[in-house]
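Colleague: structure here, sequence nowhere to be found:
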Ligand code: SF4
């Protein structure tokens, strides 16, 4: 997932570039390093042009010969690098240099609007940028595209893109997403069918956030039919709307009941069977949360067809459970108490999954589903638990080892949603605190003290991930 956007904008002095690309790192011995460029410098132009994003930067390099102009904002020093089919050796602070595109909507179910106060600023960013969709798979609505954006997507073949469709009923979509007319640069961009059809050379992975009484039932059937009729739509994920207890002055939206989740499953599974016969793919995939809310068993791994929409919470639980398990010892060398912290939604699944460990003598194991006190009890996924939720529901010294769900950590770091780190938890609880593992085999190894989590989570809480953990955008 992308780091938080950091773009350096310049004042409107015509002599000044409108944006520059801050350099994070320079490869030793690279052409940029030999020219004296270092971390903290800025790339100003490549082949005489401003560079809006890393895609444009790469495109210029792919032409073969490229002349890069860079400067040091601290000293005012400048450098020019001339490369010919060579990597200049620059790593940038971010992938977007001209500012992240923000959304033009005010969706009735928007997660950003119902975030509690006090989290990091980037979590409140209403980003909707087709470039990060292409680079990182974040979902975008396409309502903020301009004619030039569409031309660029087609010209540069920015495929695949990930699109929040929600419904193929144009009127219903407008009603659910309530875009700001003044923020929509090209009214044609608000037609989802028009946009999907204009982008026909581009593969699209789509999602529907199912809101009870709005785009479910017959409206969902019609949406699936439409999406399946388009040659460029590769798949659709159906995810339930997620809410917090911090909805103030917002439209009346509620979460799905178990019966409504069941209805969605029945509809979509019937559609999947037909698609499998007609197209050789299920095409539509349901988020794990729907099965858990409906109290239904999760589909087998093959039903996810390679887990194409894993990061949207589609198949994550099955994927977690699938890894071959290690042989278990009869007893531990020394007794240990292990606490597994997760969200309330996943708690019962985890409880069943770790049952074999209960036969290991000397191991005292507890699965503790935590109530989300930051967002409210209505939020049950592990990915939206904050450090404070752990600290208020785990007592100091009550376990020798506390294992957290990896989805609670920011991508590639040991930082939780409220900026507390694993070290903060270790200090406050006086307990070893680690990440449990990205699959059940790693979790078993962590519990037994045999290593375990070898990888940081693939998924963290960038703005996108918060929305994805909540099934929104
Ligand atoms: S859900 Fe996404 S697209 Fe809709 S208003 Fe919120 S940030 Fe914008």
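Modeller: Now that the structure is in, tell me what you want to look at. As the structure is a prediction and not an experimental result, all values here were calculated from the model.
Colleague: in what helix or strand does residue 154 lie?
Modeller: Following DSSP states H and E, the helix or strand that holds residue 154 is helix 147-155.
Colleague: got the buried residues for that helix?
Modeller: 149-150, 152-153 (16 or more other Cβ atoms under 10 Å). Every C-beta, even on glycine, is put in place using the N, C-alpha and C of the backbone.
Colleague: same for that helix, what does it pack against?
Modeller: Contact analysis of helix 147-155 by 3 or more Cβ pairs under 8 Å, 6 or more residues apart in numbering; DSSP states H and E lists no helix or strand as a packing neighbour.
Colleague: which residues are contacting the lengthiest helix in the chain?
Modeller: Taking DSSP state H as the criterion, the chain has its longest helix at helix 258-279. Helix 258-279 is touched from outside by 210, 212, 216-217, 220-221, 224, 228, 238, 240, 256, 281-284, 286, 290-291, 293-296, 303, with contacts defined as Cβ atoms under 8 Å, 6 or more residues apart in numbering.
Colleague: so how do I select the buried members of these in ChimeraX?
Modeller: This is how ChimeraX selects the buried members of those, with burial counted by 16+ other Cβ under 10 Å:
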select :210,212,216,220,224,228,238,240,256,282,283,284,286,290,291,293,294,296
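Colleague: among the contacts of helix 258-279, which lie within strands?
Modeller: 210, 238, 240, 284, 286 (DSSP state E).
Colleague: now do residue 368 against the ligand, distance only.
Modeller: Between residue 368 and the ligand the distance is 31 Å, computed by Cβ to the nearest ligand atom, to the nearest Å.
Colleague: element containing the residue lying farthest from the centre of the chain?
Modeller: Distance to the chain centre peaks in the chain at residue 333, reaching 40.2 Å (criterion: Cα atoms, centre = their mean). Counting by DSSP H and E, the element that carries residue 333 is strand 331-343.
Colleague: which parts of that strand are buried?
Modeller: 336, 338-343.
Colleague: closest one to the ligand out of these, please.
Modeller: Comparing the buried residues of strand 331-343 against the ligand with Cβ to the nearest ligand atom picks out residue 343 as the nearest, at 21.1 Å.
Colleague: help me confirm that that closest one comes into contact with residue 405.
Modeller: Yes - if you go by Cβ atoms under 8 Å, residue 343 and residue 405 touch, sitting 7.1 Å apart.
Colleague: now name the helix or strand holding residue 364.
Modeller: strand 361-370.
Colleague: and the pLDDT at the residue of the stretch 201-350 of the chain found nearest the ligand?
Modeller: In the stretch 201-350 of the chain, the residue that lies nearest the ligand is residue 209 (8.0 Å; Cβ to the nearest ligand atom). On the pLDDT scale, residue 209 is placed at 96.
Colleague: and it, how close does it get to residue 242?
Modeller: 8 Å (Cβ to Cβ, to the nearest Å).
Colleague: between these two, which is the more surrounded one?
Modeller: For the pair residue 209 and residue 242, the greater number of neighbours falls to residue 209 (28 against 25), based on other Cβ atoms under 10 Å.
Colleague: run through the bridge partners of the more buried one.
Modeller: residue 239 (DSSP bridges).
Colleague: surely it is in contact with residue 236?
Modeller: No - look at residue 209 against residue 236 with Cβ under 8 Å: they stay out of range, at 11.4 Å.
Colleague: that older thread, show me the contacts for the residue farthest from the centre of the chain.
Modeller: residue 362.
Colleague: quick one: the helices in the stretch 51-200 of the chain?
Modeller: Here the stretch 51-200 of the chain has its helices, by DSSP state H, counting those that start in this stretch, at 54-61, 130-136, 147-155, 170-177, 192-198.
Colleague: these: which one's closest to the ligand?
Modeller: helix 170-177 (6.1 Å).
Colleague: hmm, who's touching the closest one?
Modeller: In contact with helix 170-177 (Cβ under 8 Å, 6+ apart) are residues 105-109, 141, 143, 165-167, 190-193, 211, 214-215, 219.
Colleague: buried residues, that helix. List them.
Modeller: Within helix 170-177, the residues scored as buried using 16+ other Cβ under 10 Å are 172-174, 176-177.
Colleague: so what's residue 144 closest to, chain neighbours aside?
Modeller: residue 104 (4.3 Å; Cβ to Cβ, 6 or more residues apart in numbering).
Colleague: report how many residues lie close to that neighbour.
Modeller: Every residue meeting other Cβ under 10 Å relative to residue 104 is counted, giving 22.
Colleague: from residue 137, how far out is it?
Modeller: For residue 104, the distance to residue 137 - Cβ to Cβ - is 21 Å.
Colleague: now do residue 102
Modeller: For residue 102, the distance to residue 137 - Cβ to Cβ - is 19 Å.
Colleague: of these two, who's got more company?
Modeller: When neighbours are counted by other Cβ under 10 Å, residue 137 comes out ahead of the other of residue 102 and residue 137, with 18 against 13.
Colleague: tell me how many other residues surround the residue lying closest to the more buried one once chain neighbours are set aside.
Modeller: What sits nearest to residue 137 in space, not counting adjacent residues and going by Cβ to Cβ, 6+ apart, is residue 162, at 5.3 Å. If you count neighbours by other Cβ under 10 Å, residue 162 ends up with 25.
Colleague: so residue 162 bridges to which residues?
Modeller: Per DSSP bridges, the residues bridged to residue 162 are residue 205.
Colleague: contact partners for it?
Modeller: Counted by Cβ under 8 Å, 6+ apart, residue 162 has contacts 133, 137-140, 204-207.
Colleague: can you list the residues of this structure near the ligand?
Modeller: 103, 105-107, 110, 112, 126, 128, 141, 472-473 (Cβ under 6 Å from any ligand atom).
Colleague: want to try CSV for those, with pLDDT and neighbour count as columns?
Modeller: Below are these laid out as CSV (pLDDT from 0 to 100; neighbours: other Cβ atoms under 10 Å):
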residue, pLDDT, neighbour count
103, 95, 23
105, 96, 24
106, 94, 16
107, 95, 25
110, 92, 22
112, 88, 19
126, 90, 19
128, 96, 23
141, 97, 25
472, 56, 22
473, 58, 29
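Colleague: how many residues are close by residue 82?
Modeller: Each residue near residue 82 was counted by other Cβ under 10 Å, and the total is 12.
Colleague: quick one: contacts for it?
Modeller: For residue 82, the contacting residues are 31, 65-68, by Cβ under 8 Å, 6+ apart.
Colleague: quick one: the helix holding residue 154 to chain centroid distance?
Modeller: The chain centroid and the centroid of helix 147-155 are separated by 24 Å under Cα atoms, centre = their mean, to the nearest Å.
Colleague: wait, doesn't residue 337 sit right on residue 399?
Modeller: Yes - assessed by Cβ under 8 Å, residue 337 is found in contact with residue 399 at 4.6 Å.
Colleague: and for the two, which residues touch both?
Modeller: By Cβ under 8 Å, 6+ apart, the residues touching both residue 337 and residue 399 are residue 366.
Colleague: so residue 25, which state does it fall into?
Modeller: strand (DSSP: H, G, I helix; E, B strand; the rest coil).
Colleague: the closest residue to it other than its chain neighbours and the ligand, how far apart?
Modeller: Excluding its sequence neighbours, the residue lying closest to residue 25 (Cβ to Cβ, 6+ apart) is residue 91, at 4.0 Å. Shown here: residue 91 relative to the ligand, a distance of 28 Å by Cβ to the nearest ligand atom.
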